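K.L.:
sharing a sequence plus its predicted fold:
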Amino acid sequence: MDKKGFEPKILAFCCNWCAYAGADLAGVSRMQYPPNIRIIRVMCSGRVEPELVVKALSLGTDGVLVLGCHIGDCHYISGNHRTVKRMAILERILGYLGIDPARVKLEWVSAAEGARFAQVVSDFTSKIKELGPIPLQELRP
Amino acid sequence: MSMIDNVQNLAREWLDSKEVDAIFGLKEQDGYIAPYLFTDVGELSCLVISNQYRLCYTCRPAKENILSLMLQTEPNAKIGVVVRGCEERALIELAKRGQVDLKRIKILGVACSKEDAEECRCEKPYPGNLVLGEKVEGVSGDENVNALLSKSLPERRAFWKHEFSKCIKCYGCRNVCPMCICKDCKMEQELYTETGWLPPGIPMFHFIRFYHISDRCIGCGECEKACPVDIPLLTIFKLLQKDVKDLFDYEAGMDVEQEEPLLTTLDETPMREEVMDVGV
Amino acid sequence: MLEYKNVLTTCPYCGAGCNFYLQVMNGKLIGVMPCKSHTVSQGKLCVKGWNAAEFVTSKDRLTKPLIKRGGNFAEASWDEALDTIAKKLKEHRDVDPDSIAVLSSAKCTNEENYLMMKFARVVLGTNSVDHCARLCHASTVVGLVQSFGSGAMTNSVRELEYADCILVIGSNTTEQHPLIARYILRATENGAKLIVIDPRAIPLTYFADYHLKQKPGTDVAVFNGFMNVILSDGLEDKEFIKERTEGFEELKEAVKEYTPERVEEITGIPRDKLIEAARTYAGAKRASLIYSMGITQHTTGVDNVSSSANLAMLTGNVGKESTGVNPLRGQNNVQGACDMGALPNVYSGYQSVADEKVRAKFGSAWNVELPQKPGLTVVEMMNEADKGNIKAMYIMGENPMISDPDTSHVRKGLENLEFLVVQDIFLTETAQLADVVLPATSYAEKEGTFTSTERLVQMVRKAIEPLGDSKADWEIICNLAKMMGSREFGYSSPAEIMDEIASLTPSYGGIVYDRLRSGGLHWPCPSREHTGTPYLHKEKFTRANGKGKFWGIEFKEPAELPDEEYPFTLTTGRIMFHFHTGTMTRKTELLNREVPTGYVEVAPKDAARLGLANGEFALVQTRRGQIKIKALVTERVPEGVIFIPFHFAECAANVLTNPALDPKAKIPEFKVCAAKLEKVKVS
Ligand code: SF4
Ligand code: SF4
Ligand code: SF4
């Protein structure tokens, strides 16, 4: 597909306590952000196994956001500590396999940060538009 | 006296003095070498050292480490193990996860030769607990790693496409890995990678292991050697070992007290600050 | 104190002949470990090998002899069971020895196959002994013997790695002989060209330079097309043809008509691709040809095999390293079962029953007058059983109810028998029909040898004690023979049996256990000093006059072609995760999880026309029968062709297949028949 006019498919895993509430706030406040995103609510960003991110990419998702509470604010105290570590490893493996690590991104969004949510989504969407469709098919015979 | 004589003699001493009830080592018979549990001093003349086999592996279908099976089956025994660098590191990682009780294992640590180290591309060809032999320097740098790093992202994709397309889903890489000890393996599950299909899901099938073993790989290289189609799996594990060191200042297999970074909080095992800044 | 050891043995699944260690702790199997110093496997295994310990101790293993009484099986003692068998077999033998037939087993050891054929000939007095090689490579034995003089793989597996060109036809090597595919891939990574000729896309096609998709059953035309191109380009090896072969003119005449245009019409292979591939094969310095059941299981099986031999001889690709014509044999010991003479027309080492001198030699070694009349082949046995001419059968380690073509016919035949003995490790579909079932041991509980596809004779070692009351097949045969009054079965060990084999079988003459312990030997190995023969026909061919023979062969259509009523071509085969009739693999958790049941592969366009979606059930019908089976919609099969793996009893492909036979080899046409397909309406 041509990069011009390319509308990426983007998936965001949002934690129940912060990021999802942030997304809700963005919606209630009628903030504008690109419609490319689909949200999956999870209880904690620590619930997001990297395998799920890879599965999303494998199924043709062009970029995956993982959004959780800021460090220190996790409802489960330290769930997001694990997330940040895992995402660092995930990004590196993707890079070694030839997938641009920028296609996955971890961000902290609190329940009060509706505007930040909209901003993160906008930035990420333009980044993925720049990168073009996910080239995972190229890895398969 | 040669190295192997020293090892045999020490093993004999340990058995004779009842310091241990058995010695786990490699035995040569009819020109074939394989792991064996020596309980009879008379058999020790067949004890050999070879880099062909590791003495630390998971037995299937039990899905338990061989030493842990031995210790469970014989609850009062103490076992002496002829251990090289990689095996000691594996034992340390297994002990961290409650798989083996190091108090019931007596380590007969031996150093590997330069040739063996080179063949295994091993960075630390000796155990911390060295009992016999002279340390030699480990191998530094790795051709395959450098070759991969010099490739662009599209080149890497082309490279792995060829490699992963060869995979015949033998599960050998997982079966031989001393660190693959899960009873329920995600690689077998339909949720992650479609079953009954060749080649198995690219990149999911291999990704699962890369990620799960990232902070516990001890670099024995068995996975790559077991691969019937020569997929250079160790390349990624070597890179990840470096990343883990870089990110968490952690090395697998060094210290039983050190917990694995991916299972601990940032307070217990911090992550390098710059990375936190960049990534978050 | 604890005991823990590793026992080196040979894989009980495919003919690749990998070795591995069985890990034994306190007398129990606790795992499999690859053997790093083994020539083929080199510390690697496929998924079946890795899981070869699990079925051994399955709770479904037979552990007691069973006798059927009033339609139900009751446990019995060995004495009772053997006594029943001895009495019954004697009754039938005394009336007419040829009313008894025996199936030996490609899963059993060489020693056991040797004993089984000796039992049939010495104790029962019939030559009607055969085994499943009839169903896979009977055409190889006939075809390669008439071309080269020896019906086995000409070269060894490891040599493949150094070929410049590898032509694979009718072999899905990756799934059927995974560890042989290893060497094909290594060759391509060394720069070798790979030509795959197969109607389906198979894992090897990802790496092929040419994938030629012929219509099923048109292989002779493909080969003739290759040779036509080679001859018109003058790429044949003139010196080799002159010095080493005969019949060249006949061949030239026969292939003249097979121009690329005509071959395209018959096979559907675009002429340009055919020409390029033919030039690539002919241009290579060392070209290896690999084939398997894709070309043997046809009514033209022998023609296909001899055509492949023609092609190799035409380009001088025989008798040198990394070349040759290499049939990949399916079972772990199908090569050995043939070598041992578990065939109706030969004794061990392919020594002909019809040859009086040979008969006299075996007769004097065994102290009997041997039967002269050649015996029946597998499919003929079933036919004769159906007609009532075969009255009793003894089946060792085979499951014809799943493996043979036209299942309902097989069932009728077996049910029509007056007496059926089945000796196996599980109560298979066939064993369920038996009057007496004898519990045998698996490979892990006995000693012996297997001969792999590359003619490599290797040790099988006993790792654990027999389960329950089960006994090794060789012991059972000896006990029964003794009970029937024979004095020729007094062996104390398999090693002793091998000594007898060596003394009567020139190609195994130098094979003794003491030599095998430190590694296998490639036959021919005529004497104790001989180090074995990795590749055949080096200076001269094995045929009597030392020359290879070209055969002019015309293309013939398969016995049953698609028509209006049955518009699809049905082809069958195996898959990576299961083996043959599934008796072992389907008792292994991991393998069952990978592929729990059968399916029919349908091309997307065909599926769309039938309104059939992936995963929906389809009804597949042929003139023989019908099955309900899940559809797998995939580009792997071309339009008009459907594929069904034959491992699964609940949707058994062989209910459908055509028992039409190759006239010389008597192999059935598993690979082509006409079928119709419809969506099953959900009620
Ligand atoms: S090198 Fe391979 S087998 Fe060894 S610990 Fe690492 S991942 Fe496991
Ligand atoms: S060992 Fe190689 S072929 Fe086997 S599953 Fe692992 S990567 Fe695939
Ligand atoms: S390739 Fe064949 S012989 Fe080797 S492990 Fe697999 S089934 Fe066994």
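P.N.:
Happy to help now that I have it. Numbering: from 1, shown residues only, chains lettered A, B, ... in the order given. Ligands and ions are numbered 1, 2, ... in the order given.
K.L.:
pull the contacting residues for whatever residue of chain A ends up closest to ligand 3.
P.N.:
Chain A approaches ligand 3 most closely through A:Pro141 (21.2 Å), counting by CB to the nearest ligand atom. In short, each C-beta sits where N, CA and C put it, glycine included. Applying CB atoms under 8 Å, 6 or more residues apart in numbering or on different chains to A:Pro141 gives the contacts B:161, B:165, B:199, C:206.
K.L.:
dump these to TSV, plus distance to C:Lys681, secondary structure and pLDDT.
P.N.:
Formatted as TSV, the contacts of A:Pro141 follow (distance: CB to CB, whole Å; DSSP: H, G, I helix; E, B strand; the rest coil; pLDDT from 0 to 100):
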residue	distance to C:Lys681	secondary structure	pLDDT
B:Lys161	42	helix	96
B:Ser165	39	helix	96
B:Pro199	36	coil	95
C:Tyr206	38	helix	95
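K.L.:
now the strands for the stretch 101-250 of chain B?
P.N.:
B:105-110, B:130-132 (DSSP state E, counting those that start in this stretch).
K.L.:
each with direction, which strands does the longest one pair with?
P.N.:
Each strand that pairs with strand B:105-110, with its direction, by DSSP bridges: strand B:79-83 (parallel), strand B:130-132 (parallel).
K.L.:
any idea which of those is most buried?
P.N.:
strand B:79-83 (a mean of 23; mean count of other CB atoms under 10 Å in any protein chain shown).
K.L.:
that one: what's the following helix or strand?
P.N.:
Using DSSP states H and E, the helix or strand that directly follows strand B:79-83 along the chain is helix B:85-96.
K.L.:
what lies in contact with that following helix?
P.N.:
Counting by CB under 8 Å, 6+ apart, B:54-56, B:65, B:67-68, B:81, B:83, B:100-102, B:105, B:107, B:109, B:111-112, B:120, B:122, B:124-129, B:178-179, B:181, B:216, B:218-220, B:252-256, B:258-260 sit against helix B:85-96.
K.L.:
hang on, the earlier thing: closest to ligand 1 out of the strands of the stretch 101-250 of chain B?
P.N.:
Among the strands of the stretch 101-250 of chain B, strand B:105-110 sits nearest to ligand 1 (CB to the nearest ligand atom), with 18.3 Å.
K.L.:
pick out the shakiest of the strands paired with strand B:105-110, pLDDT-wise.
P.N.:
Out of these, strand B:130-132 stands lowest, with a mean of 93 (criterion: mean pLDDT).
K.L.:
which residues touch that one?
P.N.:
Counting by CB under 8 Å, 6+ apart, B:3, B:6-7, B:10, B:107-111 sit against strand B:130-132.
K.L.:
about what we covered before: which among the contacts of helix B:85-96 end up buried?
P.N.:
B:54-56, B:65, B:67-68, B:81, B:83, B:100, B:105, B:107, B:109, B:111-112, B:120, B:122, B:124-127, B:178-179, B:181, B:216, B:218-220, B:252-253, B:258, B:260 (16 or more other CB atoms under 10 Å in any protein chain shown).
K.L.:
so which of those are in helices?
P.N.:
For the buried ones among the contacts of helix B:85-96, the ones inside helices are B:67-68, B:120, with DSSP state H as the criterion.
K.L.:
any idea how far B:Glu222 lies from chain A?
P.N.:
Per CB to the nearest CB, to the nearest Å, B:Glu222 is found 20 Å from chain A.
K.L.:
ok, now which ones touch that residue?
P.N.:
B:54, B:57, B:176-178.
K.L.:
near ligand 1 too, which of the residues you listed?
P.N.:
B:176-178 (CB under 6 Å from any ligand atom).
K.L.:
rebuild those as a markdown table, extending it with pLDDT and distance to A:His81.
P.N.:
Listed next are the ones next to ligand 1 among the contacts of B:Glu222 as a markdown table, based on pLDDT from 0 to 100; distance: CB to CB, whole Å:
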| residue | pLDDT | distance to A:His81 |
| --- | --- | --- |
| B:Val176 | 95 | 32 |
| B:Cys177 | 96 | 27 |
| B:Pro178 | 95 | 27 |
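K.L.:
going by distance to A:Cys15, which of these wins?
P.N.:
Distance to A:Cys15, by CB to CB, is smallest for B:Cys177 among these, at 32.5 Å.
K.L.:
for the closest one, which non-adjacent residue is closest in space?
P.N.:
B:Cys223 (5.4 Å; CB to CB, 6 or more residues apart in numbering or on different chains).
K.L.:
the one you found touches B:Thr235, doesn't it?
P.N.:
No: applying CB atoms under 8 Å as the test, B:Cys223 and B:Thr235 come out as separate, 10.9 Å apart.
K.L.:
can you give the distance of stretch C:120-139 from its chain's centre?
P.N.:
In terms of CA atoms, centre = their mean, to the nearest Å, the centre of stretch C:120-139 is found 14 Å from the chain centre.
K.L.:
quick one, what contacts the residue lying closest to C:Leu521 once chain neighbours are set aside?
P.N.:
Spatial nearest neighbour of C:Leu521, chain neighbours left out: C:Gly532 (4.2 Å); criterion: CB to CB, 6+ apart. The contact partners of C:Gly532, by CB under 8 Å, 6+ apart, come to C:510, C:521-525.
K.L.:
from those residues, which land in strands?
P.N.:
C:521-522 (DSSP state E).
K.L.:
can you pick the most crowded of the contacts of C:Gly532?
P.N.:
C:Trp523 (27 neighbours; other CB atoms under 10 Å in any protein chain shown).
K.L.:
quick one: contacts for it?
P.N.:
C:Trp523 neighbours (CB under 8 Å, 6+ apart): C:339, C:451, C:455, C:457, C:507-508, C:511, C:532-533.
K.L.:
could you redo the last one with a cut-off of 7 Å?
P.N.:
C:455, C:457, C:507-508, C:533 (CB atoms under 7 Å, 6 or more residues apart in numbering or on different chains).
K.L.:
excluding its backbone neighbours, what's nearest it?
P.N.:
C:Ser507 is the one closest to C:Trp523 (CB to CB, 6+ apart), at 4.5 Å.
K.L.:
before we move on, back to that, can you pick out the most distant pair from the contacts of strand B:130-132?
P.N.:
The widest separation within the contacts of strand B:130-132 (CB to CB) is 16.3 Å, between B:Met3 and B:Ile107.
K.L.:
how near is the residue nearest to C:Leu521 to C:Ile497?
P.N.:
As judged by CB to CB, to the nearest Å, C:Gly532 and C:Ile497 stand 20 Å apart.
K.L.:
over to C:Thr173?
P.N.:
Taking CB to CB, one finds C:Thr173 at 33 Å from C:Ile497.
K.L.:
those two: which is more packed in?
P.N.:
Using other CB under 10 Å as the criterion, C:Thr173 and C:Ile497 rank with C:Thr173 on top: 26 against 23.
K.L.:
spatially nearest residue to that one (excluding sequence neighbours)?
P.N.:
Going by CB to CB, 6+ apart, C:Thr173 has C:Ala181 as its nearest residue, at 4.3 Å.
K.L.:
can you tell me the element that neighbour falls in?
P.N.:
Going by DSSP H and E, C:Ala181 is part of helix C:178-189.
K.L.:
list the buried ones in that helix?
P.N.:
Quick answer for helix C:178-189 (16+ other CB under 10 Å): C:178-188.
K.L.:
please apply the same query to stretch B:158-167.
P.N.:
Going by 16+ other CB under 10 Å, stretch B:158-167 has these buried residues: B:159-161, B:163-167.
K.L.:
next one: the nearest residue in space to B:Leu266 that is not next to it in sequence from C:Glu565, what distance?
P.N.:
Using CB to CB, 6+ apart and skipping residues adjacent in sequence, the residue nearest B:Leu266 is A:His81, 4.4 Å away. A:His81 is 68 Å from C:Glu565, where distance means CB to CB.
K.L.:
what about the residue nearest to B:Lys183 when sequence neighbours are not counted, neighbour count?
P.N.:
Spatial nearest neighbour of B:Lys183, excluding adjacent residues (CB to CB, 6+ apart): B:Lys63 at 5.3 Å. B:Lys63 has 15 neighbours, counted by other CB under 10 Å.
K.L.:
brilliant, that's me finished.
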